[in-house]
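Participant: Coordinates for the following, if possible.
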Amino acid sequence: MAAQIRTDRDKKELKEHGSYAFPVMVSEERLSVYGGSFLWHWHPEIELTIVLEGEILYQVNEETWHLKPGQGLFCNSNALHTGRMADAGDCRYISVTFDTKVLYGYSASLLYTKYIHPVIRDTALSAFSLEPDGGWQQRILDHLSGIWAASQEKSDTVELEIQLSLMQIWLDIYRHAGCGENAGELIPDRSQERIRTILRFIQEHYEEKITLDQIAGQVNICKSECCRFFKKYMQVTMFDYLLAYRIDQSLPLLAGSDWEITEVAGRCGFANPCYYTRVFKRSKGCTPMEFRRKSREKT
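Facilitator: Residues are numbered from 1 along each chain as shown. Predicted structure coming up:
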């Protein structure tokens, strides 16, 4: 029986792309493994593809690209996509999927607000093809080939090599892909500072009980305006961001400690361990105990 991409009911892919420690997944894929096509799905990570053999009809939202050997595709964060054989033949391709955190470090950083946010929030930049034309798109394709080679060689510095290549790729995307033109209002300097202040407060106090009054007080605006402002620029509610941040902070505790789930939950701001487990499963597609077991199996 052919394998298939696993998704939740909203079509979000459940597979982990890389790990918390290094959120990058590099893999060689074949359409035949999926029975000739993979299901519609989306994920918050960026996906870069380069075709090695055969052809693929790669669709992102309403647009379809017919990719042949040497060509590739950029698929943006949260873009709904699918792929199928262009004819009866198989297609072999390299997929590089990564969380942009590997580029910017933390979400209050200048790297995020200036260079990452305009790209991943650009509503018109769901995807674009990469052509071996000798220009900036060729450079991206070359870097993808280098990432694949590095992942196979597994040198002592493989993570640094991959991160460096991804940074070079992002520089070309930011400079040449028309990023940010349709991202709505880009974050002005004053708003950037407000966002950083809110994020910094959350990151410093996520273990505690945080109220909306406290957060709004950090930037001297009312609660309703604070919620509206955060959602406008971060494209997620403040509550959902706080939950996601607390879950992310619990991952290294699950993987690297023997603490009970109740203690992990409490140390990350969840007073109720059952609620923590429910939010964790909705976010990661598995329970905290399952995540702990899989993390230890990899080491």
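Participant: Spit out the contact partners of residue 161.
Facilitator: Taking CB atoms under 8 Å, 6 or more residues apart in numbering, we find residue 161 in contact with 146-147, 150, 155. Bear in mind the C-beta positions are built from the backbone N, C-alpha and C, glycine included.
Participant: tell me the contacts of the residue most central in space within the chain?
Facilitator: For the chain, the residue nearest the mean C-alpha position is residue 45 (2.2 Å; CA atoms, centre = their mean). Residues in contact with residue 45 (CB under 8 Å, 6+ apart) are 17, 23, 77, 97-100.
Participant: Is it possible to get JSON lines of those that adds distance to residue 294?
Facilitator: What follows is the contacts of residue 45, written out as JSON lines (distance: CB to CB, whole Å):
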{"residue": "17", "distance to residue 294": "14"}
{"residue": "23", "distance to residue 294": "15"}
{"residue": "77", "distance to residue 294": "24"}
{"residue": "97", "distance to residue 294": "18"}
{"residue": "98", "distance to residue 294": "19"}
{"residue": "99", "distance to residue 294": "17"}
{"residue": "100", "distance to residue 294": "23"}
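Participant: between these, which is nearest residue 50?
Facilitator: The closest of these to residue 50 turns out to be residue 97 (CB to CB; 12.7 Å).
Participant: Could you pull up the contacting residues of the closest one?
Facilitator: Neighbouring residues of residue 97 by CB under 8 Å, 6+ apart: 17-18, 24-25, 27, 43, 45-48.
Participant: Highest neighbour count among the residues you listed?
Facilitator: Tallying neighbours with other CB atoms under 10 Å puts residue 46 at the head of the contacts of residue 97, with 27 neighbours.
Participant: So it sits against residue 100, correct?
Facilitator: Yes - between residue 46 and residue 100 there is a contact under CB atoms under 8 Å: 6.2 Å.
Participant: shared neighbours of the two, which are they?
Facilitator: Shared contacts of residue 46 and residue 100, defined by CB under 8 Å, 6+ apart, comprise 77, 120.
Participant: in the stretch 151-299 of the chain, what spans have low per-residue confidence?
Facilitator: 179-189, 192, 298-299 (pLDDT under 70).
Participant: let's see it at 80
Facilitator: Filtered on pLDDT under 80, the stretch 151-299 of the chain yields the residue ranges 178-193, 196, 233-236, 295-299.
Participant: burial measure for residue 74, as a count.
Facilitator: The burial count assigned to residue 74 is 22, neighbours taken as other CB under 10 Å.
Participant: Give me the three-state assignment for residue 97.
Facilitator: Classification of residue 97 by DSSP: H, G, I helix; E, B strand; the rest coil places it in strand.
Participant: From residue 23, how far out is it?
Facilitator: 9 Å (CB to CB, to the nearest Å).
Participant: Mind listing the shared neighbours of these two?
Facilitator: In contact with both residue 97 and residue 23: 17, 45, using CB under 8 Å, 6+ apart.
Participant: related to what we said a few turns ago, need phi/psi at the residue nearest to the centre of the chain.
Facilitator: Main-chain dihedrals, residue 45, degrees, to the nearest 10: phi -80, psi 160.
Participant: separation between it and residue 101?
Facilitator: In terms of CB to CB, residue 45 sits 10 Å off from residue 101.
Participant: Can you work out which residues contact both of these two?
Facilitator: Common neighbours of residue 45 and residue 101, using CB under 8 Å, 6+ apart, are residue 23.
Participant: Quickly note the distance from the residue nearest to the centre of the chain to residue 111.
Facilitator: Counting by CB to CB, the separation of residue 45 from residue 111 is 17 Å.
Participant: And for residue 3?
Facilitator: Distance, residue 3 to residue 111, using CB to CB: 36 Å.
Participant: who has more neighbours, those two?
Facilitator: Between residue 3 and residue 111, counted using other CB under 10 Å, the more crowded position is residue 111 (16 against 9).
Participant: Which residue, other than its chain neighbours, is closest to the more buried one?
Facilitator: Distances taken as CB to CB, 6 or more residues apart in numbering place residue 104 nearest to residue 111, at 3.9 Å, with adjacent residues excluded.
Participant: What does the one you found show for phi and psi?
Facilitator: Per degrees, to the nearest 10, the backbone of residue 104 is at phi -110, psi -10.
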